[in-house]
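A.B. asks: Output the structure for:
(chains A and B)
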Amino acid sequence: MTPLADEGALAISVFLVFLAGCLFVSMLASPDLQEGADDFLAEQGNRRPLPQGLALTGDFISAAGVLYFCGVVAVGSYDGILIVAAAALSPLLLKVWLAERLPGGPGWSLGDAVSRRLPAGPARRAAGVATLVVSVPLLTAQLIPIGQITAALMGLPGQLGEIAGITLVGILIVSCVAIGGVRGSTLLQIVKTVGFLLIAPLLCALILARFDWDYGAVLAQAAQGSGVGDAYLAPGRLFGSDFTGRLDTLSLAVTVLLGTALMPHMVTRLSTSGTAERARRATSWAVAAACLLCVSAAVIGYGIQAVVGAKGLDEAGPQGGNNLLLLAAALDGSDPDSPGNPGLLLTFISCAFFLTVLASVSVLLLAGSAAIVHDMGRNRHARPGTGPPHRPLRARVALVAVGAVCIALAVAGRGANAQFWLTLSYTEAATVVLPALACALTWRGPRGFTLRGLRWCVYGGTLVTLGLLALSPAVSGSPDSVHPDGDWAVFPLYAPGLLSVPVGFLLAWAGTRLTPAARANPAAPSRPQQPGAADDLLSGSGTHRR
Amino acid sequence: MSAHSHRRAPQTHANDSVHQGSSGFLRRDSMRPAYRTGSSSEALSAARRTQLNRGLGLVAGVFLTYALASCFLPGLLPMEVYGGLRVGELFALAQVLVIAAGVLTHDRHARRHIEPLAARVATREPAFHAEESHRSGTAAASSAPTHGDPDADEFNAFDSSRAFGGRRTGRAVRATT
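C.D. replies: Okay, the predicted model is just below:
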């Protein structure tokens, strides 16, 4: 990390001013404690589609995700492009399958979206568990790199410095979110997305300009820099080109396709849209922005490999952990007029990275807090939309608790591959959130999705995911796993998505089919009295529902 | 009704008398057969199912093409096509175009078919919905939300009087009591 630590006092001061600015903005945006409007956890008002689409894109690009996609293209070439292409398709999947069905009344969490036709208490608790299992690893994955960057930027040495950096930045971010609530976080997401939409093409342009606008030269230099020559430009670089490796790549791509855009916080944001049309338009904007960013990520990934080379990437962590900053350092350092000046681009990117992490962590913390307070708390038995408003203090305390757990996990797991946390989060989302939500929203009728199906899907799917990952080479048995010394890896794939997603759907289906008929749809008796009750905004009359 | 339409009525057999008013709209020859039923709600669910199937097919098709080519036809992607460009990059660009086309088609299908059908279904029961809004308005005035209320609470996005009027604020007010 020495190239980063040389950047000097100006960079640190700019960074600190930036942090103070973020705190200030969050204080400005915080909801009034006395007003009683219930929007600490999720905004219930109507937003116009474009800002909501931008916020949705912001939800989709988490900071660790950006690093991961660039890194995976840098290391894995065509496999990486497959992964990034799957990530670009994921919002489209969300749009086509779920976006119109989600708005249907006030919603504060995944539990609200899932429990529309199921008994509210147990359904919400299951959804709350799913939200936490998805959000906590993703939070940890964000905190690790920003802690390391802060430690390097401020010159805090060694292991203790890393711990201090992570803790410091973690506390700062948690305070920003606890003060600002969802309004602050939505504002941050929009700013982050706009920033990305401006910076990413700019970085692409810088890279292309460095190679005289010849994309082929970028590829050739990347091939050369990777040390393997032309073999770099063939598929099979990510996990090897034997059958297991190819299956692994396919599995990771499936996981990314099904998991990246189906996170609980995105679901919550969509379910607070006013109308189906708004949700549709917002996701259209999100798909467009996500495509643009994924294309840029691919180009930037190749650029990193071309500019930094394989040795530098190896230092940055397995599969290119902190690659973006290496790129910035390299692009900066090559400028002839800045040997002694702190790199402006580097400072800028560090600040942008901090903002990104702040925005991503804020929505995740809010989702986790909503899961605890709204889904697993005292009022979980209320139907969605009824129930007393949330007390902001309780929500904040839950938020700080989730934040503390994540900081502890980040400190404990900082040596591990950050991609492990990401894989865990995406796999869990693809295995649990997608089947549960899709079944809950589309599988209607007298023999539709039941509570037992939801329970089997959530709890069983979580167990399957955690079990398969624990038995995979990502946790033990290879030099870049969580426990490099142990070797209990039985399951050969790094990303168990190919197996766990069908299992998730199977569990949901089996649980529903095996529900005893007498207990199926306990909310059913109330239906015949309201023949016009709509499930979602488009289903109109309920004549075909039962 | 005139004698002319009485004579015509037995020939249109897929029709029940309740829906005669709406059948004209749903019997346009330009619409797909699934929508040309007499019932707006069936047409609506058929339209939504079509849209869902098409959308999922698009996503699955695009993904599987690239994934299977990448995993099981390793020689295909690095083939050089034009200058520095390779098949892999062209695939990626083609995918972006297909995604754009998919988004536009989805939105257009929704605007053209689904929303009119949903609006018709919603306006078929205006009395019921009016009663709902009245009930939720009075519920907002009362202190405790009743549990019988929420299932009837589904508001309808296509009825603009309620989209901008009482129901939304009624719910927001209720959330703060």
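
A.B. asks: Pull out the buried residues from stretch A:143-156.
C.D. replies: When neighbours are counted by 16 or more other Cβ atoms under 10 Å in any protein chain shown, the buried residues of stretch A:143-156 are found to be A:143-154, A:156. Quick note: C-beta positions are derived from backbone N, CA and C, even for glycine.

A.B. asks: go on, stretch A:414-424?
C.D. replies: Of the residues in stretch A:414-424, A:414, A:416, A:417, A:418, A:419, A:420, A:421, A:422, A:423, A:424 count as buried by neighbour count, 16+ other Cβ under 10 Å.

A.B. asks: Ok, stretch A:211-225 next?
C.D. replies: For stretch A:211-225, the neighbour count (16+ other Cβ under 10 Å) marks A:211, A:215, A:218, A:219, A:220, A:221, A:222, A:223, A:224, A:225 as buried.

A.B. asks: and what of stretch A:509-518?
C.D. replies: Buried residues in stretch A:509-518, defined by neighbour count with 16+ other Cβ under 10 Å: A:509, A:510, A:511, A:512, A:515.

A.B. asks: returning to what we had before: among the buried residues of stretch A:143-156, which one lies nearest to residue B:66?
C.D. replies: Residue B:66 lies nearest to residue A:145 out of the buried residues of stretch A:143-156, by Cβ to Cβ, at 28.8 Å.

A.B. asks: Please tell me the pLDDT value assigned to residue 42.
C.D. replies: Using chain A here. Note for residue A:42: predicted pLDDT of 68.

A.B. asks: Switch to chain B, please.
C.D. replies: You'll see residue B:42 listed with a pLDDT of 79.

A.B. asks: Which other helices and strands does the strand or helix carrying it contact?
C.D. replies: Using DSSP states H and E, the secondary-structure element containing residue B:42 is helix B:40-72. The helices and strands touching helix B:40-72, judged by 3 or more Cβ pairs under 8 Å, 6 or more residues apart in numbering or on different chains; DSSP states H and E, are helix A:63-94, helix A:243-259, helix B:20-26, helix B:87-109, helix B:115-123.

A.B. asks: can you give me the angle it makes with helix A:63-94?
C.D. replies: 130 degrees (axes from the mean of the first three to the mean of the last three Cα atoms, to 10 degrees).

A.B. asks: What is the subsequent helix or strand relative to helix B:40-72?
C.D. replies: Once helix B:40-72 ends, the next helix or strand along the chain (criterion: DSSP H and E) is strand B:80-82.

A.B. asks: quick one: average pLDDT of that next one?
C.D. replies: If you average the per-residue pLDDT over strand B:80-82, you get 71.

A.B. asks: wait, isn't residue A:124 in contact with residue A:374?
C.D. replies: Yes: Residue A:124 is within contact range of residue A:374, at 7.5 Å (criterion: Cβ atoms under 8 Å).

A.B. asks: Outline the domain layout of chain B.
C.D. replies: According to automatic domain parsing, chain B comprises the domains B:30-123, B:126-176.

A.B. asks: Determine the three-state secondary structure at residue A:474.
C.D. replies: coil (DSSP: H, G, I helix; E, B strand; the rest coil).

A.B. asks: Looks like it contacts residue A:420 (just checking).
C.D. replies: Yes: judged on Cβ under 8 Å, residue A:474 makes contact with residue A:420 at a distance of 5.1 Å.

A.B. asks: Would you mark the buried spots in the helix holding residue B:42?
C.D. replies: Of the residues in helix B:40-72, those buried by neighbour count under the rule 16+ other Cβ under 10 Å are B:40-48, B:50-52, B:55, B:58-59, B:62-63, B:66-67, B:69-71.

A.B. asks: rank the domains of chain B by pLDDT, which is bottom?
C.D. replies: Across the domains of chain B, domain B:126-176 has the smallest mean pLDDT, namely a mean of 44.

A.B. asks: Next, format the buried residues of stretch A:509-518 as CSV and append secondary structure.
C.D. replies: Shown next, in CSV, are the buried residues of stretch A:509-518 (three-state DSSP):
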residue, secondary structure
A:509, helix
A:510, helix
A:511, helix
A:512, helix
A:515, coil
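
A.B. asks: Including pLDDT and distance to chain B, could the residues you listed go into CSV?
C.D. replies: CSV is the format used below for the buried residues of stretch A:509-518 (pLDDT from 0 to 100; distance: Cβ to the nearest Cβ, whole Å):
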residue, pLDDT, distance to chain B
A:509, 89, 17
A:510, 90, 22
A:511, 89, 23
A:512, 86, 19
A:515, 76, 20
